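> A structural model of the following input is requested.
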Amino acid sequence: MKPRVVLVTGVSRYLGTRLAATLAADPSIERVIGVDTVAPRPEALTALGRTEFVRADIRNPLIAKVIAQAEVDTVVHMNVIATPLGAGGRTAMKEINVIGTMQLLAACQKAPSMRKLVVKSTTAVYGSSPRDPALFTEDSEPKSLPKSGYAKDAVEVEGYVRGFGRRRPDVIMSLLRFTNFIGPVIETPLTRYLSLPVVPTVLGFDPRLQLCHEDDGIEVLRRCTLEDHPGIFNVGGEGVLLLSQAIRRVGRVSVSVPSPLVTLVGQAFRRAGLVDFSPEQMRYLEHGRVADVHRLHQELGWAPRTTADAMKAFTDRAPRLLNPETVAAAEQRVLSIASRGRHRSEPARV
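Here you go, the predicted model:
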């Protein structure tokens with residue numbers, strides 16, 4: 001079903017702005033309405049083109065009037081926030097994510113014009129645990145449900161979305177679980193973490209990372225808006241990088257922190273405004289998470305670029321403090337010295 005009037009929530013944020021601008025450039029769409037509580041930055045307003053900005057809070061039932069009066073037939077829900085700092089605190093973040101989604105879906109449920117709902121979610125709903133499978137499929141159940149932060153909000157949001165689907169089976173729904181975004185422009189907790197001069201890691205852990213290039217994320221959202229792709233889809237690049245590999249590629253130095261001190265380090269970074277990592281995100285830096293993306297490939301007949309290629313787009317942008325080859329060579333020298341010392345300390349065998 002080709003959309004006629006599309007409403008995009010969270011339009012003042014980077015991904016929301018890019019998606020609305022992309023949809024507004026498509027002449028087959030009559031109207032694109034962008035909703036947010038704050039106005040887009042001046043440069044974003046220019047990029048939005050013919051997008052009609054409406055200052056509205058999706059937590060307020062008045063969002064139903066916006067949808068009804070414009071006869072919106074397609075809603076793309078992008079306003080699920082990942083960090084408390086960007087929302088004014090954890091309480092405000094939860095209200096926007098959970099209460100906002102409830103009000104938005106209630107408005108969609110009442111709107112007779114509604115035909116399609118696209119929701120930006122996250123693979124964080126699978127959690128991070130030492131008992132995780134090698135690959136999470138869309139049907140996988142998490143070994144340990146997220147107990148706090150963005151991941152917990154995303155689990156609740158998905159629950160409300162499934163409930164909406166049962167009440168409005170006539171509406172086409174695409175639930176997109178994105179891996180970590182990365183790229184030449186986007187800023188996320190992961191990109192800020194990898195941009196630290198010295199990157200703290202958890203002693204004894206080297207998690208697998210799976211990444212989604214920001215351009216590919218926008219392309220998947222665009223396709224699911226313009227085309228009919230009902231269902232739940234993991235979205236990200238094939239392949240993985242170990243955290244240690246990612247740190248070397250960006251030319252940073254890592255320092256291992258004992259697990260009991262990880263929470264204290266995370267709190268220190270949050271207070272300093274450097275990186276806003278929740279406890280669930282800290283668990284991700286221990287155990288990692290990888291999702292099976294083949295269902296998306298089969299559905300779209302198209303695949304995002306690989307994790308390695310997405311990482312390269314970020315490393316090309318990030319100022320390198322050290323050459324990755326230099327870091328790797330230094331690590332090998334340290335390991336060689338440690339190995340020689342261990343052999344010397346071993347008792348002679350008779």
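> All the helices of the stretch 251-350 of the chain, residue numbers only.
Remark: helices assigned in the stretch 251-350 of the chain by DSSP state H, counting those that start in this stretch are 262-272, 279-287, 294-300, 307-317, 324-345.
> Ranking helices and strands of the chain by mean pLDDT, which lands last?
helix 324-345 (a mean of 49; mean pLDDT, DSSP states H and E).
> Can you tell me the closest non-neighbouring residue to Pro40?
Ser12 (4.5 Å; C-beta to C-beta, 6 or more residues apart in numbering). Quick note: C-beta positions are derived from backbone N, CA and C, even for glycine.
> Is there a neighbour count for the one you found? I'd like the number.
Ser12 has 22 neighbouring residues, counting by other C-beta atoms under 10 Å.
> try Ala151
25.
> before we move on, which element is Gly239 in?
Gly239 belongs to no helix or strand when assigned by DSSP states H and E.
> and it, what is it in contact with?
210, 306-308 (C-beta atoms under 8 Å, 6 or more residues apart in numbering).
> can you count the residues close to Ala47?
As a burial measure, Ala47 scores 16 neighbours (other C-beta under 10 Å).
> cool, and Glu52?
16.
> Report pLDDT for it.
Per-residue pLDDT puts Glu52 at 97.
> again with the one 10 residues further on
The pLDDT attached to Leu62 in the predicted structure is 90.
> if I look at it, how far off is Arg50?
In this view, Leu62 and Arg50 are 24 Å apart by C-beta to C-beta, to the nearest Å.
> Ok, Asp36 next?
17 Å.
> neighbour-wise, which of these two wins?
More crowded of Asp36 and Arg50, by other C-beta under 10 Å: Asp36, with 23 against 12.
> Pairing partners for that one in the sheet, please.
In this structure, Asp36 bridges to Arg55 when assessed by DSSP bridges.
> what residues are up against it?
9-13, 16, 53, 55-56, 79.
> out of these, who has the most neighbours?
Val11 (30 neighbours).
> In this structure it contacts Val35, no?
Yes: counting by C-beta atoms under 8 Å, Val11 does reach Val35; the two are 6.1 Å apart.
> Now do the shared contacts for these two.
Phe53.
> Next one: His294 from Val157, what distance?
24 Å.
> cool, Gly49 as well?
For Gly49, the distance to Val157 - C-beta to C-beta - is 29 Å.
> With Pro258 instead?
Pro258 is 34 Å from Val157, by C-beta to C-beta.
> Phe136 touches Asn234, doesn't it?
Yes: counting by C-beta under 8 Å, Asn234 is a contact partner of Phe136 at 7.1 Å.
> In terms of neighbours, single out the busier of the two.
Shown here are Phe136 and Asn234; by other C-beta under 10 Å, Asn234 has more neighbours (25 against 22).
> can you count the residues close to Val293?
When neighbours are defined as other C-beta under 10 Å, Val293 has 24 of them.
> so it sits right up against Val240, yeah?
No: the criterion here is C-beta under 8 Å, and Val293 misses it with Val240 at 11.5 Å.
> what does stretch 57-66 contact?
Under C-beta under 8 Å, 6+ apart, the answer for stretch 57-66 is 7, 9, 33, 35, 37, 54, 56, 72, 79, 95-96, 99-101, 103-104, 106-107, 110-111.
> Run the chain-centre distance for that stretch.
Centroid separation for stretch 57-66 versus its chain: 25 Å, with C-alpha atoms, centre = their mean, to the nearest Å.
> likewise stretch 175-191?
5 Å.
> Pretty sure Ala134 sits against Arg289.
No: contact criterion C-beta under 8 Å: Ala134 and Arg289 do not qualify, at 10.7 Å.
> between those two, who's got more neighbours?
More neighbours surround Arg289 than the other of Ala134 and Arg289, with 24 against 8 (other C-beta under 10 Å).
> so who does the more buried one touch?
Arg289 touches 123-124, 126-128, 132, 136, 179, 207-208, 210, counting by C-beta under 8 Å, 6+ apart.
> And Pro142, by the same measure?
Counting by C-beta under 8 Å, 6+ apart, Pro142 has contacts 125-127, 129.
> quick one: Ile232 is in a helix?
No: applying DSSP: H, G, I helix; E, B strand; the rest coil, one finds Ile232 to be strand, outside a helix.
> any idea how far Thr122 is from it?
For Ile232, the distance to Thr122 - C-beta to C-beta - is 12 Å.
> which intervals of the stretch 201-350 of the chain have sub-threshold pLDDT?
272-274, 276-277, 318-350 (pLDDT under 70).
> Strands along the protein, start to end?
Secondary structure of the chain (DSSP state E): strands at 5-9, 31-36, 52-55, 74-77, 116-122, 172-178, 180-182, 198-202, 208-209, 211-213, 231-235, 241-242, 253-257.
> so which of those strands comes closest to Leu285?
Nearest to Leu285 among these is strand 198-202; the distance by C-beta to C-beta comes to 5.8 Å.
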